[in-house]
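**Student:** Okay, predicted coordinates and the sequence, questions at the end:
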Amino acid sequence: MAKVCWPYFDPEYENLSVRINPPRVSVDNTSCTDCTVVKIDSVNKPGILLEVVQILTDLDFIITKAYISSDGGWFMDVFHVTDQQGKKITDGKTIDYIERVLGPKGHTTDGMKHGPGKRVGVHSVGNHTAIELIGRDRPGLLSEISAVLANLHFNVAVAEVWTHNRRIACVLYVNDDTTNRAVDDPNRLSIMEEQLKHILRGCEDDDKVARTSFSVGFTHIDRRLHQMLFADRDYEGGGVTTEVDYPPSFKPKITVERCEEKGYSVVSVRCKDRAKLMFDIVCTLTDMQYVVFHANISSNGPYASQEYFIRHMDGCTLDTEGEKERVIKCLEAAIHRRVSEGLCLELCAKDRVGLLSEVTRILRENGLSVRRAGVSTVGEQGVNVFYVRDAYGNPVDTKTIEALRKEIGHTMMLNVKKDPASAKEPEAEASGWAKTSFFFGNLLEKFLP
């Protein structure tokens, strides 16, 4: 057999351009009176826009304007950001963090690599085991999932749940209730996997309902949820979404046109503004293998206007109607997945094993269906946020709210953020989605080694 010789490539050569031209980051609080301006100049590399937007959104910043240019070998971004109260970013530690992670010593996109999309996946992250679930949604499903974990002596430390087009996607971080460490016993994990698979499948044998397998690697929770639902083709669920779910004022207006002069496809998005909107759109375009070369982002009152100049990774534009329609459907799905519809319940209690199971059982027994959920552990406190409607998808009535207060008010702190009786008032609509969002993107840092 002939010997094959391969040319030698110095592994350090790939980072040579970064070392010669390190990223430059500027956090400016003087140029604008009402926001902080973050400027990034860097050598262009695949995925860099998503990396930057992800970092800013994980800091709970609101991006009011952005100008993106990454044509050629250089990447230049300008972001106008505020905190959740609409004020400038003035905290010194936060500014130092931005300059560090986006600057020369910041992390690369290696941390964003992930394993193959799985229906039920389990892998270890630090002292926690990560579980990924996806299947057909139904009332009470989250309660059943959390009951299984509690019965098998798993403690849920962090979780996020999205539902869209009758599909549910969950990412949960659990540990052993005795050792507080990740579970690596293959027999125990196998039992958990089989029980969760059985619950997700329900009474149906259709392979579309749920699949099970192990996965490896780690990625950002929100991005992973987008990837799971995208791989599940939730954007093809035509006819499922109703006007009750998404009123006309929430429906995005998305167009795809061709820029003949520069050879780009121009994706324009106009919709109700909300937190993390830019991240959801950039994440979806990236996962669909499109590259953003230029972008203009702006907010006008409660509405957002975003324009992206893109090409496919192979350099091609969107030439067929089928390609354009698919991009529009995928972006609509990405925007709707994070819609904070329904009544918002914030519950806080001393963290203990089975807390999530207890809370979701009470919600189920009161006829409430969870549309979105975020679970976190802060110190010794368990913080749960649920967006709920009744089992038929209708708004929750006042009697149910009062019954809920009486049942859990003695053991947990309950805060109802959004009154369904006033949800249709102009003031509530003008506030947009940003006021009803919750943020757990950077809570996992303490779990990572």
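**Tutor:** The structure has been received and is ready for your questions.

**Student:** which SS state does the closest residue to Leu355 other than its chain neighbours fall under?
**Tutor:** Among residues not flanking Leu355 along the chain, Gly382 sits closest, at 4.8 Å (C-beta to C-beta, 6 or more residues apart in numbering). Heads up, the C-betas are built off the backbone N, CA and C, glycines and all. With DSSP: H, G, I helix; E, B strand; the rest coil as the basis, Gly382 sits in strand.

**Student:** Please give me every residue in contact with Gly382.
**Tutor:** Contacts for Gly382 (C-beta atoms under 8 Å, 6 or more residues apart in numbering) come out as 348-352, 355-356, 375-376.

**Student:** Which of these has the largest number of neighbours?
**Tutor:** The most crowded member of these, judged by other C-beta atoms under 10 Å, is Leu356 (28 neighbours).

**Student:** which secondary structure element contains that one?
**Tutor:** Counting by DSSP states H and E, the element that carries Leu356 is helix 355-365.

**Student:** got the CA coordinates for that helix in PDB?
**Tutor:** Only the C-alpha atoms of helix 355-365 are listed here, as PDB (Å, rounded to 0.1, in the frame of the first residue of the first chain):
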ATOM      1  CA  LEU A 355     -40.100  21.400  44.700                       C
ATOM      2  CA  LEU A 356     -40.700  21.600  40.900                       C
ATOM      3  CA  SER A 357     -42.800  18.400  41.100                       C
ATOM      4  CA  GLU A 358     -45.000  19.900  43.900                       C
ATOM      5  CA  VAL A 359     -45.500  23.300  42.100                       C
ATOM      6  CA  THR A 360     -46.400  21.700  38.700                       C
ATOM      7  CA  ARG A 361     -48.800  19.300  40.400                       C
ATOM      8  CA  ILE A 362     -50.600  22.200  42.000                       C
ATOM      9  CA  LEU A 363     -50.800  24.000  38.600                       C
ATOM     10  CA  ARG A 364     -52.100  20.800  37.000                       C
ATOM     11  CA  GLU A 365     -54.700  20.200  39.700                       C
END
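
**Student:** For it, list every residue counted as buried.
**Tutor:** Neighbour-count burial for helix 355-365, with 16 or more other C-beta atoms under 10 Å as criterion, is recorded at 355-364.

**Student:** What is the nearest of those to Thr398?
**Tutor:** Using C-beta to C-beta, Leu363 is the member of these that sits closest to Thr398, with 16.4 Å.

**Student:** how about the strands in the stretch 301-449 of the chain?
**Tutor:** Shown for the stretch 301-449 of the chain, the strands assigned by DSSP state E, counting those that start in this stretch span residues 303-312, 343-350, 368-378, 381-390, 413-416.

**Student:** The residue positioned nearest the centre of the chain and Ala275, how far apart?
**Tutor:** With distances taken as C-alpha atoms, centre = their mean, Asp222 lies nearest the centre of the chain, 2.3 Å away. Relative to Ala275, Asp222 is positioned 11 Å away (C-beta to C-beta, to the nearest Å).

**Student:** cool, and Val161?
**Tutor:** As for Val161, its distance to Ala275 is 18 Å (criterion: C-beta to C-beta).

**Student:** Over to Arg311?
**Tutor:** 28 Å.

**Student:** So between the two, which is more surrounded?
**Tutor:** Taking neighbours as other C-beta under 10 Å, Arg311 and Ala275 compare with Ala275 leading, 23 against 17.

**Student:** pretty sure that one is touching Ile62, no?
**Tutor:** Yes. With contacts counted by C-beta atoms under 8 Å, Ala275 reaches Ile62, the gap being 6.2 Å.

**Student:** all helices for the stretch 51-200 of the chain, in order.
**Tutor:** Along the stretch 51-200 of the chain, counting by DSSP state H, counting those that start in this stretch, helices occupy 92-102, 141-151, 186-201.

**Student:** Now do the second one and strand 381-390, the angle between them.
**Tutor:** Relative orientation of helix 141-151 versus strand 381-390 (axes from the mean of the first three to the mean of the last three C-alpha atoms, to 10 degrees): 150 degrees.

**Student:** Which other helices and strands does helix 141-151 contact?
**Tutor:** Applying 3 or more C-beta pairs under 8 Å, 6 or more residues apart in numbering; DSSP states H and E, we find helix 141-151 packed against strand 154-164, strand 167-176, helix 186-201, helix 355-365.
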